[in-house]
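Novice: Okay, predicted coordinates and the sequence, questions at the end:
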Amino acid sequence: MESEVVQEVEALLGREAVAELDFEALEMALRHGTLRLAARAMEQRLNADTSNEVASQVPCRCGGKAHFAGRRSKQFQSVLGPLRLERAYYHCSSCGDGCFPRDKHLGIENTSLSPALTRMTGTVGAMVSFQEGSELLQELAGIDVATKQVERTAEAILALLTARIRPLFWLFLAAFNPVGIVDLILDYYHAIKVGLPALAGQLGATYAIPILYVPLLMITHVVAFYLLLRPQPKAVRALAAAAAAS
């Protein structure tokens, strides 16, 4: 790959004198070309390894056996650019689900971002707005990640941190449940104080918000609080502890 990079540099430099070069443009072009070569080498190396289809069957989450059913491709984004992965697919006839053991091994199961790009996306999503994060990834890393993808990734990382770090979990619990319930009670108080029932005819279709949406929101707060505080069966506690330790 080194020789290919050297050839790319020579092709970009051409016969121009150094003083006449647009160095910034040259830097960006070389970065793009080098990443493209690295992505191609990575893709070839991953797809050349067929060791994940040695077994004719693998355990399924339902408790049954998933059998080898050929190879399937997957397109995902990495810090090197887009990659296409060919990997073994296993299908379980008992539950009808399929699985890709290599996806889990590489850390790309149920996601279109590589682990390194997921970390980068979560970092920019936590520091700036999701739109700015998408623009920063494009400007600084040359990677195209949609604004919605930045948002989903940042929220997923926050959810995982919340589940794994118990003090943070209880902090968010206190923020979103009791505080939310108090806020709804205050809304009821203010609505009664201004005589909202008497103004129902002036609200039109939006009257559905205070009579339907707000009560449902209160119910979900109370139910969520009850489910979180009630004693959990031993099996559930064991699973939660295992998930937090993994």
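Specialist: Now that the structure is in, tell me what you want to look at.
Novice: Any idea which helix or strand in this structure has the lowest mean pLDDT?
Specialist: Here the helix or strand of the chain ranked lowest by mean pLDDT, DSSP states H and E is helix 234-245, holding a mean of 49.
Novice: Could you tell me which strand of this protein is the longest one?
Specialist: strand 65-78 (DSSP state E).
Novice: Can you give the contact residues for that strand?
Specialist: 39, 42, 53, 55-60, 82-94, 97-100, 103, 108, 111-114, 116-117, 143-145 (Cβ atoms under 8 Å, 6 or more residues apart in numbering). The way it works is simple: take the backbone N, C-alpha and C, and place the C-beta from them, glycine included.
Novice: Go again with 7 Å.
Specialist: Here strand 65-78 makes contact (Cβ atoms under 7 Å, 6 or more residues apart in numbering) with 39, 53, 56-60, 82-92, 99, 108, 112-114, 116-117, 143, 145.
Novice: Which other helices and strands does the helix or strand hosting R45 contact?
Specialist: Using DSSP states H and E, R45 sits within helix 23-48. If you count contacts as 3 or more Cβ pairs under 7 Å, 6 or more residues apart in numbering; DSSP states H and E, helix 23-48 packs onto helix 2-13, strand 81-92.
Novice: what comes up buried for it?
Specialist: G33, T34, L35, R36, L37, A38, A39, M42, E43 (16 or more other Cβ atoms under 10 Å).
Novice: Buried subset of the contacts of strand 65-78, written for ChimeraX?
Specialist: To isolate the buried members of the contacts of strand 65-78 in ChimeraX, using 16+ other Cβ under 10 Å:
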select :39,53,60,83,85,87,88,89,90,91,92,99,108,112,113,114,117,143,145
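Novice: Confidence-wise, which of the helices and strands packed on helix 23-48 is weakest overall?
Specialist: Among the helices and strands packed on helix 23-48, helix 2-13 carries the lowest mean pLDDT, a mean of 65.
Novice: circling back to that earlier point, just the angle for the helix holding R45 relative to strand 81-92, thanks.
Specialist: 20 degrees (axes from the mean of the first three to the mean of the last three Cα atoms, to 10 degrees).
Novice: Find the helix or strand that G125 is a member of.
Specialist: With DSSP H and E as criterion, G125 is part of helix 115-127.
Novice: got the contact list for the helix or strand just after that helix?
Specialist: Later in the chain than helix 115-127, the nearest helix or strand by DSSP H and E is helix 130-136. Residues from elsewhere that reach helix 130-136, judged by Cβ under 7 Å, 6+ apart: V124, G125, V128, V145, A146, T147, V150, E151.
Novice: What subset of these is buried?
Specialist: V124, G125, V145, V150, E151.
Novice: Just give the closest residue to the last one, not the sequence neighbours.
Specialist: Residue nearest to E151 in three dimensions, not counting chain neighbours: F130, with 4.3 Å by Cβ to Cβ, 6 or more residues apart in numbering.
Novice: Measure how buried that neighbour is and give me the count.
Specialist: Here the number of neighbours of F130 (other Cβ atoms under 10 Å) works out to 21.
Novice: And the pLDDT for it?
Specialist: 89.
Novice: And L203, by the same measure?
Specialist: 72.
Novice: Now the residue nearest the centre of the chain: closest residue in space, sequence neighbours ignored.
Specialist: Centroid-nearest residue in the chain: T153, 3.2 Å away (criterion: Cα atoms, centre = their mean). Leaving aside its sequence neighbours, T153 sits nearest to T121 (Cβ to Cβ, 6+ apart; 4.4 Å).
Novice: returning to that earlier point: tell me the strands beside the helix or strand just after the helix holding R45, with direction?
Specialist: Later in the chain than helix 23-48, the nearest helix or strand by DSSP H and E is strand 57-59. Strand pairing for strand 57-59, determined by DSSP bridges: strand 65-78 (antiparallel).
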